[in-house]
Every structure is written in C-alpha cells, then in structure tokens.
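**Q** Next one to model:
(one chain, ligands or ions: 1)
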Amino acid sequence: MKTFPAAEAFRGGDGLIRVVGHRGARGVLPENTMLGFEYAMSTGAHLLEFDVVMTADSVPVITHNHRLHAPTYRDENGCFLTSEPKVADLTFEQIQTYEIGRIDGTSAYGRRFPDQSQIDGLRVPRLSDLMSRVVQPQYQAAHLMLEIKSDPDFAFDAGYRSKLVAEVIAVVREAGLDQRTLLHSFDWNLLAECQRQAPDIPASFLTQLPDNADEVGEDSAKSISPDFSGIETQIPDLVAKAGGALWCPYLDDVTSQGVSRAHELGLVVAVWTVNEPEDIDRMIDLCVDAIVSDYPGRVQRRLSDHGFQWVSP
Ligand code: MG
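**A** A predicted model of the protein is given here:
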C-alpha cells in the first residue's frame with residue numbers, strides 16, 4: 001500500500017493517539033472559523049477537520065451545510081436567519097454579509113453546544129484563507145482533513161463535481177499544502193474523482209451506518225454515501241480497495257475487529273465525532289489512530305490521564 005506523509009501525520013502508535021479538532025474546536029469556539037482553527041493549533045491539536053462547499057462564483061468556502069445554517073448565521077441586523085439560502089446560489093461577497101460567531105441558544109443545535117463562545121465580527125473563511133494561515137512557520141505541524149461536502153442536488157452532475165474537486169485541489173496546490181492535506185468525504189465517488197485528479201493527495205473515507213441516529217443540525221451531505229447494510233464488517237476492506245489511506249468511521253460504529261482489520265490493511269483509523277469522556281476512553285481502549293472531537297482539549301486531558309501522547313516525541 002502506498003504511504004502518504006499527510007496520512008501518516010494522522011497515524012497513532014505505541015502510547016500515541018492523535019487529536020483532530022472538529023470544525024476547529026466547535027465545543028468552545030464558533031465552528032469553521034479562523035479563530036477556531038488558530039485556537040486548536042495553538043493548543044497542540046495540529047490536525048484540523050473542516051468542511052468545504054463551493055459558492056456561486058466558484059470560491060471554495062469553509063462551512064458545513066449546503067444551506068446557511070440558521071442557528072449559526074446572522075443577518076446584517078444581527079438576527080439569526082429564518083430562511084436558509086443555498087451557498088451554491090450566493091457569491092462569496094454575499095456570504096460575507098453574514099456573521100457566524102454566535103449560536104442560537106433557543107435552537108436544538110445551539111443547546112448541543114452550551115460552552116461555545118459568542119463572538120461578533122466573524123465571517124465565513126475561504127479555503128484559501130485557512131491555507132495561507134497554515135503555511136506560516138508557527139503552524140508547520142498542522143495537517144488538514146479537508147472534507148468536501150457533496151451536494152445531493154448535483155449528485156449526478158459530473159461537470160459540477162469535477163469542477164468542485166478541481167477548484168479545491170487548485171487552492172491546496174497553490175498554497176503548496178498537497179503534502180499536508182487529506183481529501184475527506186462521505187461521497188466515495190467524489191473521492192474517486194479526487195484520486196483521479198490528484199493521485200498524490202491521500203483520500204479519507206467517511207462512514208456512518210444507517211442504524212445510528214443523525215445528530216441534530218447536520219445536513220444532507222452524507223446521503224450520498226454507499227449503503228453498507230449487510231456488509232458492515234467489510235468496510236475496511238472496501239476502503240482499502242477504493243484506494244483509501246484513512247478510514248473515518250462514526251464513533252458508535254467502531255469495533256475492535258474493525259480497527260484490527262483496518263490496521264492489517266495499513267489504513268489509518270480516525271473516529272468522528274468523539275466528545276463524551278466515556279467515548280474518548282473507549283477509543284483509547286480500541287487503539288484508534290486519531291480522535292476527531294469538538295473538544296480537542298478534553299481529548300488531550302483524557303489521553304494525558306491515560307499516559308498517552310498526541311504528538312510524536
Ligand atoms: Mg466535517
């Protein structure tokens with residue numbers, strides 16, 4: 001199996017489990033913001049997960065949902081949105097009119113993150129904004145788990161999908177970060193397109209079994225995912241066969257057999273999104289390579305308590 005430096009940065013080892021900041025550090029700072037990314041990196045959680053969607057004027061921007069998420073987007077009057085326009089229908093300039101530094105505490109989504117800071121003046125970053133920050137010397141340990149959000153409305157539009165992948169890869173290459181980036185998605189066909197366009201950049205395969213309930217406030221990107229019904233135990237082999245370097249299963253789907261098989265195949269196993277202390281402990285017991293969390297500090301603390309490191313000595 002081919003090895004990639006970017007994938008190896010996510011690999012654990014003896015007494016070593018990596019910490020990946022999910023959407024920066026969503027538990028404590030507004031998600032998918034430069035502030036969240038800088039915070040995560042400054043705490044030694046050098047591995048960043050974030051989500052990329054393309055605007056109407058073909059700018060890859062960092063935001064989770066295909067529609068502006070009402071509980072986290074405020075208009076020019078400071079009011080949370082009551083409708084959710086699509087990112088694909090707005091230009092980057094139009095998206096810049098919204099603030100994203102607060103979360104609506106009256107929403108079910110807001111209630112999930114009671115500790116998130118409320119900050120004014122934060123706007124949606126471009127992918128290129130994060131890239132130009134990460135290339136700075138103080139962030140040389142940073143590696144990126146770049147999730148491309150696949151739009152169900154364009155699921156069969158090969159031209160759109162090819163352009164989305166091309167625009168994302170162009171930004172990565174322009175920054176010179178192709179050796180420090182993973183291309184990550186629930187959409188395995190899109191990952192195949194990534195591998196066609198950039199065989200030198202490792203692909204990271206997200207999975208979630210249908211039995212496990214959706215989390216509140218997420219959107220439909222994972223609807224474009226293969227159906228694993230009846231073949232759950234074969235997923236690591238399927239990821240390897242598809243050319244994956246990394247497998248990223250949902251925390252409730254992980255078994256010790258799955259982790260062992262993935263390791264036999266040479267895959268890196270990074271589990272999402274692990275926030276509760278008992279779940280973090282279970283991941284430590286399972287010897288996963290990396291833990292993706294909204295609370296990277298909490299994961300560091302559990303690792304520390306168990307005598308684990310999260311960076312190579
Ligand atoms: Mg994501």
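**Q** C-alpha only now, for contacts and for neighbours.
**A** OK.
**Q** can you give me the strands in the chain?
**A** Ranges of strands within the chain are 18-22, 47-54, 60-62, 143-148, 181-185, 203-207, 246-249, 268-271, 290-293, based on DSSP state E.
**Q** Turn those into CSV, columns for mean pLDDT, distance to residue 68 and mean neighbour count.
**A** Converted to CSV, those look like this (pLDDT from 0 to 100; distance: least, C-alpha to C-alpha, whole Å; neighbours: other C-alpha atoms under 10 Å):
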stretch, mean pLDDT, distance to residue 68, mean neighbour count
strand 18-22, 98, 19, 30
strand 47-54, 98, 11, 25
strand 60-62, 98, 11, 25
strand 143-148, 98, 16, 25
strand 181-185, 98, 20, 26
strand 203-207, 96, 23, 27
strand 246-249, 97, 25, 25
strand 268-271, 98, 26, 26
strand 290-293, 98, 23, 28
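**Q** what about the ones you listed, which gets the closest to residue 91?
**A** The closest of these to residue 91 is strand 47-54. By C-alpha to C-alpha, the value is 9.3 Å.
**Q** circling back: among the strands of the chain, which is nearest residue 231?
**A** Between the strands of the chain, strand 203-207 lies closest to residue 231; by C-alpha to C-alpha that is 12.5 Å.
**Q** And that closest one, what does it pack against?
**A** Counting contacts by 3 or more C-alpha pairs under 8 Å, 6 or more residues apart in numbering; DSSP states H and E, strand 203-207 packs against strand 181-185, helix 188-197, strand 246-249.
**Q** Would you mind putting the ones you listed into CSV with distance to residue 266 alongside?
**A** Shown next, in CSV, are the helices and strands packed on strand 203-207 (distance: least, C-alpha to C-alpha, whole Å):
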stretch, distance to residue 266
strand 181-185, 16
helix 188-197, 18
strand 246-249, 9
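**Q** how about these, which one is nearest residue 17?
**A** strand 246-249 (14.3 Å).
**Q** Determine which of the strands of the chain approaches residue 135 most closely.
**A** strand 143-148 (10.2 Å).
**Q** what's the angle between that closest one and strand 181-185?
**A** 30 degrees (axes from the mean of the first three to the mean of the last three C-alpha atoms, to 10 degrees).
**Q** Strand partners (parallel or antiparallel) of strand 143-148?
**A** strand 47-54 (parallel), strand 181-185 (parallel) (DSSP bridges).
**Q** what angle separates the longest one from strand 18-22?
**A** Strand 47-54 and strand 18-22 meet at an angle of 30 degrees, taking the same axes, to 10 degrees as the criterion.
**Q** mind listing the helices for the stretch 1-150 of the chain?
**A** All helices of the stretch 1-150 of the chain, identified by DSSP state H, counting those that start in this stretch, fall at 5-8, 34-42, 92-95, 108-112, 127-134.
**Q** buried ones in the third one?
**A** When burial is assessed from 16 or more other C-alpha atoms under 10 Å, helix 92-95 yields the following buried residues: 92, 95.
**Q** Report the buried residues of stretch 80-94.
**A** 80-81, 87-88, 90, 92.
**Q** could you dump those residues to a markdown table with pLDDT?
**A** A markdown table is the format used below for these (pLDDT from 0 to 100):
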| residue | pLDDT |
| --- | --- |
| 80 | 98 |
| 81 | 98 |
| 87 | 98 |
| 88 | 97 |
| 90 | 98 |
| 92 | 98 |
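**Q** about what we covered before: would you turn the strands paired with strand 143-148 into CSV with distance to residue 272?
**A** As requested, these are arranged in CSV below (distance: least, C-alpha to C-alpha, whole Å):
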stretch, distance to residue 272
strand 47-54, 10
strand 181-185, 12
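**Q** Any idea which of those strands gets closest to residue 160?
**A** That would be strand 47-54 among the strands paired with strand 143-148, by C-alpha to C-alpha, at 10.1 Å.
**Q** Using PDB, write out every CA atom in that closest one.
**A** The C-alpha trace of strand 47-54 is given here as PDB (Å, rounded to 0.1, in the frame of the first residue of the first chain):
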ATOM      1  CA  LEU A  47      -4.800  18.300  12.900                       C
ATOM      2  CA  LEU A  48      -7.800  20.200  11.700                       C
ATOM      3  CA  GLU A  49     -11.000  18.900  10.300                       C
ATOM      4  CA  PHE A  50     -13.300  21.300   8.400                       C
ATOM      5  CA  ASP A  51     -15.900  21.400   5.600                       C
ATOM      6  CA  VAL A  52     -15.700  22.900   2.200                       C
ATOM      7  CA  VAL A  53     -18.600  24.000  -0.100                       C
ATOM      8  CA  MET A  54     -18.400  26.000  -3.300                       C
END
